[in-house]
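Chemist: no sequence for this one, just the structure:
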């Protein structure tokens, strides 16, 4: 195919806020109404109230009764004024949300490689079709086991796949996303050391600064003091710095590998060994696993626990920010601490197992986001062992190709330049800032004009003026060239007319926003009612867009 | 591309993975199904073993509920743009931001509150975070939780709050399922950060004395947290109106399929006070203006609260939540409007009372809380039938019915009792069929 030419731009519908769209009397959906035939059971006084009311309700459910059925609710907790929801006909609701959807650069729409660490790849539509079958969508989590054998079989078989992929011995799919899996791993640390009588002593968890922020936040939430290791010359911490942090207080170590820089720590098994020698546990955050699938396994490096983000590596759609899903794996020693229930097969039937004496209990209700498990199962089954390896190889090849092309762009560099990269790269635009005054935040605002994504990075910005790019296996060489061409165009603009980039966006869905209201309690508004109240008070007087460097968005 | 990189094989790019950590050969995975047709057929053949709540008449609730999902809800959450987006900023994903802001705005009207979070995993997590927020706001360590709280939620809450809080349960009236303000009065002290209760409660009872408990909490400098079912709020007062400071609950009833529990989505709401706003760990979408008169844009409010910025110094932790369900719930509220929410609340209220009365007529079966109104759920007591809930449910299954959720483990004091759920999808014929089958089952 030939390269795309000519101007492309994002959709811009200028849709009102839905709260402004009400037309009194319009209806979008009429629910089943009161049933006039539900006569009062004789023995029940309350039923009599219902019966009397229902008897005069219209058959279309539009209750015409002066004596509302709601009168049975005690006065103090009965709704008096109806909620000020908009009144809208169904086609208008549909049109509004369809237009909003068109103002979103989802992965189906754009070359979405600019959001490193998030592993945006193609989510196969056939998996979506299966996930939306009534046999998945319309089953209740408390149904008898014999009526959900299909789903339990999928969970069981996917667990067998994940055991092979990771080397771990048991899996739970209960966590609702990668962060909750990391949190659950921190809880496992507690339960394990608690059982051994060392819970009070072992109160520290160690992580690295280039591991996702939740590797620090989750153990803190679970009550741990957190020690964060900084990288040495090679881009990852020196083994000695880890050893210096280890002590009898160490509960465990949580790490991403490759780290968010894309650099793989080749001494990882020595790190794990050192932590074990100090009596701690090791949890592998495999959010960045896409480049190492079928290449290297968590358990083989000695890890006790790991998790995979099914909405990243395993192709489940990211859903505008969830629901995600996670697969949380444990070694045989720690399997008994996993959240319940687990799935097992006995006598040809699948069943849920709750009787794990050491279980941390529940982190999420029921069985997790099982529709994600189904999609991930189908994804693995569509690939097989060779296919999985090819995913990793293609993703890493794509990344290294983009890396080479990016380094040809003026103003773009990388830290730890002598190190290889696996599936993503944290770049630095520090030279561009120095040469032109254009920062990574300016680039972030200009790139959407070119109909694609750009994300700075997780904090702290240890790499100055950062951007993280992760080209997964889903993109062709031409796609990658197109993305790099967009970066190059912005670089050219920065060197020729920096003010143009600094005043971006110029051609996006909307114009430059005022950022200061977002951090000002007198102005911030998180609902339309709050906005109206503050606007009336004159909080927004003196409009004008602000520059700001507020990062706005960090993937997770 | 290989040429461009001057290598002969992608293998060369993995030189940093040392040989002893490499997988030797290929993983032992099933043979792939390369054809889309083969893959779909294989998967579907497994899934059709399931019996759905469309095949069977279901009375299961207790944390996940069967409501009708309007077609437009599925249409919008299937849109590839929403489905496959993640976290682009307002210049990349303007429509996503607007849909999330609108969700919060619509929920804000339902709840009569100005702050509504981007939702977290589920109600349990939302309640657990609400409690930790209350602890940070008040600087106090103890939380009183109604004993009639959903046990699974309580387990999530207790596990999550373990490092920072003591959770004390406050007994309810076992005969009626009602909360007892006197018991809260006895338990509350100057170290109470918050009281937490659900209205309607886990057992479906509408709690008429909720305002007294809220007032009592405030009188002792504690906060009042209420867990609420949003689909009840067309007929029940928003908890903020009777004193709730933080409200949480699940969005699943609002146009989201059950998905075997994967449709859950926990919201947290509060009033617009900085001491509350700054304690949310979740994303909060704020509206702002652009350089063009009348045009709006969006951004993260007070983002430095979060662990994205502050790592272990942030408020708890935040990651991927359940935004697609938030967008869907917004669509649902826009479709139903004020009239629809009132009607659906009335319809559920009516069907619940009818079902309570009707099942109470089955010989040997008792519906103990029938003196207080119930919403959507109610306890059915089988102790007088000489049969266990397990036996009853097994027999019902033979009639193509999923009976109520077995409470024997969760509330042993109730003996052989089950929690039945009735929503707008149930007709009189459905409930009568259940009653007739129960008559047959208990008589056999």
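Modeler: On my side now, so go ahead. Bear in mind that the values here come from a model prediction, so they are computed numbers and not experimental data.

Chemist: and chain B, what are its domains?
Modeler: B:57-62+B:338-443, B:71-332 (automatic domain parsing).

Chemist: Of all these, which one is nearest residue A:432?
Modeler: Among the domains of chain B, domain B:71-332 comes nearest to residue A:432, with 19.1 Å by C-beta to C-beta. Every residue, glycine included, has its C-beta placed from N, CA and C.

Chemist: Can you give the contact residues for the one helix or strand residue B:216 maps to?
Modeler: Secondary structure assigned from DSSP states H and E places residue B:216 in helix B:210-219. Contacts with helix B:210-219, where a contact means C-beta atoms under 8 Å, 6 or more residues apart in numbering or on different chains, come from A:76-77, B:179, B:181, B:184-185, B:188, B:192, B:194-195, B:197, B:199, B:223-224, B:226, B:239, B:242-244.

Chemist: got it, and stretch B:166-186?
Modeler: Contacts for stretch B:166-186 (C-beta under 8 Å, 6+ apart): B:131, B:141-149, B:154, B:157-158, B:161, B:187, B:195, B:197, B:201, B:203-205, B:207-210, B:212-213, B:216-217, B:368-369, B:371-372, B:379, B:413-414.

Chemist: Repeat the analysis, applying 6 Å as the threshold.
Modeler: Contacts to stretch B:166-186, defined as C-beta atoms under 6 Å, 6 or more residues apart in numbering or on different chains, come from residues B:142-148, B:158, B:187, B:197, B:203, B:205, B:207, B:209, B:212-213, B:216, B:369, B:372, B:413.

Chemist: longest helix anywhere in chain A?
Modeler: helix A:370-406 (DSSP state H).

Chemist: avg pLDDT for that one?
Modeler: The pLDDT scores in helix A:370-406 average 98.

Chemist: And the next helix or strand past it?
Modeler: Once the chain leaves helix A:370-406, the next helix or strand it forms, by DSSP H and E, is strand A:425-428.

Chemist: Can you point out the buried residues in the following helix or strand past that next one?
Modeler: Next in sequence after strand A:425-428, counting helices and strands by DSSP H and E, comes helix A:430-436. Using 16 or more other C-beta atoms under 10 Å in any protein chain shown as the burial criterion, the residues of helix A:430-436 that qualify are A:430, A:432, A:433, A:436.

Chemist: From the contact counts, what lies against helix A:430-436?
Modeler: If you count contacts as 3 or more C-beta pairs under 6 Å, 6 or more residues apart in numbering or on different chains; DSSP states H and E, helix A:430-436 packs onto helix A:477-496.

Chemist: So what touches the helix it packs on?
Modeler: With contact meaning C-beta under 6 Å, 6+ apart, helix A:477-496 is reached by A:111, A:113, A:402, A:405, A:409-411, A:432, A:436, A:438, A:443, A:446, A:450, A:452, A:471, A:500-501, B:1.

Chemist: Go through that helix and flag the buried ones.
Modeler: Quick answer for helix A:477-496 (16+ other C-beta under 10 Å): A:479-484, A:486-488, A:490-491, A:493-494.

Chemist: Can you name the secondary structure element that comes next after it?
Modeler: helix A:498-502.

Chemist: wait, does that following helix contact chain B?
Modeler: No - against chain B, helix A:498-502 shows no contacts by C-beta under 6 Å from any C-beta of the partner chain, the least distance being 13.1 Å.

Chemist: In terms of secondary structure, what does that helix contact?
Modeler: helix A:440-446, helix A:477-496.

Chemist: got TSV for the ones you listed, with mean pLDDT too?
Modeler: Listed next are the helices and strands packed on helix A:498-502 as TSV, based on pLDDT from 0 to 100:
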stretch	mean pLDDT
helix A:440-446	97
helix A:477-496	97
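
Chemist: and residue 322, what is it in contact with?
Modeler: You didn't say which chain, so I picked chain A. Neighbours of residue A:322 in contact, by C-beta under 6 Å, 6+ apart: B:320, B:321, B:322, B:323.

Chemist: That was the other one, I meant chain B.
Modeler: Residue B:322 neighbours (C-beta under 6 Å, 6+ apart): A:322, A:323, B:119, B:265.

Chemist: Start from the N-terminal end of the stretch 201-350 of chain B and give the strands.
Modeler: Taking DSSP state E, counting those that start in this stretch as the test, the strands found in the stretch 201-350 of chain B are B:223-227, B:246-250, B:266-270, B:285-289, B:296-300.

Chemist: Got the confidence number for the residue most central in space within chain B?
Modeler: In chain B, the C-alpha nearest the mean C-alpha coordinate belongs to residue B:250, at 2.5 Å (C-alpha atoms, centre = their mean). With respect to pLDDT, residue B:250 scores 98.

Chemist: what's the closest non-adjacent residue to it?
Modeler: Take residue B:250 and drop its neighbours on the chain: the residue closest to it by C-beta to C-beta, 6 or more residues apart in numbering or on different chains is residue B:123, 4.0 Å away.

Chemist: Would you confirm that the one you found contacts residue B:253?
Modeler: No - using C-beta atoms under 6 Å, residue B:123 makes no contact with residue B:253, being 10.7 Å away.

Chemist: quick one: which of the two has more around it?
Modeler: Taking neighbours as other C-beta atoms under 10 Å in any protein chain shown, residue B:123 and residue B:253 compare with residue B:123 leading, 31 against 24.

Chemist: Run through the residues that contact the residue nearest to residue A:137 when sequence neighbours are not counted.
Modeler: Spatial nearest neighbour of residue A:137, excluding adjacent residues (C-beta to C-beta, 6+ apart): residue B:257 at 3.9 Å. Residues in contact with residue B:257 (C-beta under 6 Å, 6+ apart) are A:137, B:69, B:263.

Chemist: Taking these, please make a ChimeraX selection of just the buried ones.
Modeler: Here is the ChimeraX command that selects the buried residues among the contacts of residue B:257 (16+ other C-beta under 10 Å):
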select /A:137 /B:69,263
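
Chemist: Of the contacts of residue B:322, keep whichever come out buried.
Modeler: Counted by 16+ other C-beta under 10 Å, the contacts of residue B:322 give A:322, A:323, B:119, B:265 as buried.

Chemist: pLDDT score for the last one?
Modeler: At residue B:265, the predicted lDDT confidence score is 98.

Chemist: thought it was touching residue B:251?
Modeler: Yes - at 4.1 Å, residue B:265 counts as touching residue B:251 under the criterion of C-beta under 6 Å.

Chemist: where do the contact lists of the two overlap?
Modeler: residue B:325.

Chemist: Local confidence estimate at residue A:548?
Modeler: So residue A:548 comes in at 45 (pLDDT).

Chemist: where in the chain is pLDDT low?
Modeler: In the absence of a named chain, chain A is used. In the predicted model, chain A carries pLDDT under 70 at residues A:3, A:39-68, A:542-556.

Chemist: not what I meant, chain B
Modeler: Looking at chain B by pLDDT under 70, you get B:369-371.

Chemist: and the next element down the chain from the biggest helix by length in it?
Modeler: What stands out as the longest helix in chain B, according to DSSP H, is helix B:323-360. Tracing the chain past helix B:323-360, the next element assigned as helix or strand by DSSP H and E is strand B:377-381.

Chemist: So what's the gap between that next one and the chain middle?
Modeler: 20 Å (C-alpha atoms, centre = their mean, to the nearest Å).

Chemist: what ranges do the strands span in chain A?
Modeler: A:170-172, A:204-208, A:225-229, A:250-256, A:281-285, A:305-309, A:326-330, A:342-346, A:349-353, A:425-428, A:466-469 (DSSP state E).

Chemist: Mind giving me the packing neighbours of the third one?
Modeler: The helices and strands touching strand A:225-229, judged by 3+ C-beta pairs under 6 Å, 6+ apart, are strand A:204-208, helix A:214-221.

Chemist: can I assume residue B:269 is in contact with residue B:113?
Modeler: Yes - applying C-beta under 6 Å, one finds residue B:269 in contact with residue B:113, separated by 4.4 Å.

Chemist: quick one: which of those two has more around it?
Modeler: residue B:269 (32 against 27).

Chemist: measure that one to residue B:64 for me?
Modeler: 21 Å (C-beta to C-beta, to the nearest Å).

Chemist: which residue sits closest to residue 366, ignoring its sequence neighbours?
Modeler: Just going to use chain A. Nearest one to residue A:366, counting by C-beta to C-beta, 6+ apart, is residue B:261 at 3.0 Å.

Chemist: Please refer instead to chain B.
Modeler: The nearest residue in space to residue B:366 (C-beta to C-beta, 6+ apart) is residue B:381, at 4.1 Å.
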